[in-house]
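A.B. asks: Provided below are the primary sequence and the corresponding predicted coordinates.
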Amino acid sequence: MSKNALDLAPAVQNFLDLSDAGGDAIAAMVSDAIDRKAARAGWPKGKADADKPLDGCVLAMIFEKSSTRTRVSFDIAMRQLGGSALILDSGTSQLGRGESIADTARVLSRMADAIMIRTDDHAKIEEMAKYAHVPVINGLTDRSHPCQIVADLLTMIEHKKPLPGLEVAWFGDGNNVLHSILEAAGLFKFNVRVATPKGYEPDAEFVEMARTGGAQVTLTQNAQAAAFGADVLVTDTWISMGQADATDKRAAMMPYQVNAGLMSAAKDDAIFLHCLPAHVGDEVSEDVFESAQSVVFDEAENRIHAQKSVLLWSMGLLG
Ligand code: CP
Ligand code: NVA
């Protein structure tokens, strides 16, 4: 468990990507999430944890894209840690009328104890971090989605999938979520088989990061080969927020749908993950989405528990 709020460290620790924390700190986050989740089992969701480690702290959340899970999980996470959260969206804040990120960062640093931002261009979050003097947390950019992957690691471990050597198979678009999975693979030494159509591979930088960390990464256009003997099958929307909904992209993605055929090629006890929102019938078939192997709602709930650990680490109270 974390230290007390009274010991609040002045250190600002931004969480723009998983490597900002590193493997040891992320392992500590997952461990703390498991402990805190167990300690409050059955409690009302808005009741604070016994130790209220962020008593009185405020999180400012900026959304330049839609969200359900990230928005609700950070809000509930702050309540459970004894603090509170508020939302700025681009439509109703001055950011949407052209106020600079630099000024927004400096103002919010005077009014809040941490900032979470969901935006498009990753450079914006780097700019926010440059000018803020409170922790800045990446709630998704076009490049990466690290908070999601802390929840995914927690979900894999809960479902008895120890990370080193695990065979994780990704199907579909080589997007922001996959980038953070690849980053995690390098930190925790699990292997990733990436099955995408030609032209939709992940950025080479993330493949290199995983390999440098000791993970095996296979890039293939053969979905069946990627699924063969896999422990974890993962997919995501074919059309991410901000992307054009193109008929040719959908057609290219169709062979990568996670369906019963792919699941049967995986290990018998394989699990299916999806960060949600899902487009059932596109990237995943209904029978797989609704099957016992699908743990997507555990994964969604774990966003709360993971966010709490990310917040505590960013505030210098963990790891
Ligand atoms: N998985 C995820 O980030 O969901 P939201 O877009 O609803 O926040
Ligand atoms: N890749 C998706 C993830 C949504 C949580 C997107 O960026 O829209």
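C.D. replies: Perfect, thanks for sending it. Ligands and ions are numbered 1, 2, ... in the order given.

A.B. asks: how much space between residue 218 and residue 112?
C.D. replies: Applying C-beta to C-beta, to the nearest Å, the value for residue 218 to residue 112 is 43 Å. Every C-beta, even on glycine, is put in place using the N, C-alpha and C of the backbone.

A.B. asks: residue 197 now?
C.D. replies: For residue 197 relative to residue 112 (C-beta to C-beta), the value is 42 Å.

A.B. asks: on that earlier part again, name the residue in residue 218 and residue 112 with the higher neighbour count.
C.D. replies: When residue 218 and residue 112 are compared for neighbours, residue 112 comes out ahead with 21 against 15, by other C-beta atoms under 10 Å.

A.B. asks: and that one, how far is that from residue 186?
C.D. replies: Counting by C-beta to C-beta - residue 112 and residue 186 are separated by 32 Å.

A.B. asks: again, but for residue 127
C.D. replies: Distance, residue 127 to residue 186, by C-beta to C-beta: 26 Å.

A.B. asks: of the two, give the one with the bigger neighbour count.
C.D. replies: Between residue 127 and residue 186, counting by other C-beta under 10 Å, residue 186 is the more crowded of the two (23 against 18).

A.B. asks: before we move on, which element is the more buried one in?
C.D. replies: Secondary structure assigned from DSSP states H and E places residue 186 in helix 176-188.

A.B. asks: and that helix, what does it pack against?
C.D. replies: Helix 176-188 sits against helix 18-39, helix 146-158, strand 167-171, strand 191-195, helix 204-213, with contacts defined as 3 or more C-beta pairs under 8 Å, 6 or more residues apart in numbering; DSSP states H and E.

A.B. asks: so which of the ones you listed is nearest residue 223?
C.D. replies: The stretch from the helices and strands packed on helix 176-188 with the least distance to residue 223 (C-beta to C-beta) is strand 191-195; that distance is 4.4 Å.

A.B. asks: quick one: the helices in the stretch 51-200 of the chain?
C.D. replies: Taking DSSP state H, counting those that start in this stretch to define them, one finds helices in the stretch 51-200 of the chain at 69-80, 101-111, 122-131, 146-158, 176-188.

A.B. asks: closest to residue 207 out of those helices?
C.D. replies: Closest approach to residue 207 among the helices of the stretch 51-200 of the chain is made by helix 176-188 (6.2 Å; C-beta to C-beta).

A.B. asks: which parts of the stretch 1-150 of the chain sit against ligand 2?
C.D. replies: Residues of the stretch 1-150 of the chain found near ligand 2, taking C-beta under 6 Å from any ligand atom as the criterion, are residue 140.

A.B. asks: show me what residue of the stretch 51-200 of the chain gets nearest to ligand 2.
C.D. replies: For the stretch 51-200 of the chain, the residue positioned closest to ligand 2 under C-beta to the nearest ligand atom is residue 175, at a distance of 4.5 Å.

A.B. asks: what sits against the nearest residue to residue 218 once chain neighbours are set aside?
C.D. replies: The spatially closest residue to residue 218, leaving aside those adjacent along the chain, is residue 193, at 4.6 Å (C-beta to C-beta, 6 or more residues apart in numbering). With contacts taken as C-beta atoms under 8 Å, 6 or more residues apart in numbering, residue 193 has the following neighbours: 167-170, 217-218, 220, 225-227, 230.

A.B. asks: between those residues, which sits nearest residue 276?
C.D. replies: Proximity of the contacts of residue 193 to residue 276 was ranked by C-beta to C-beta; the top entry is residue 170 with 15.6 Å.
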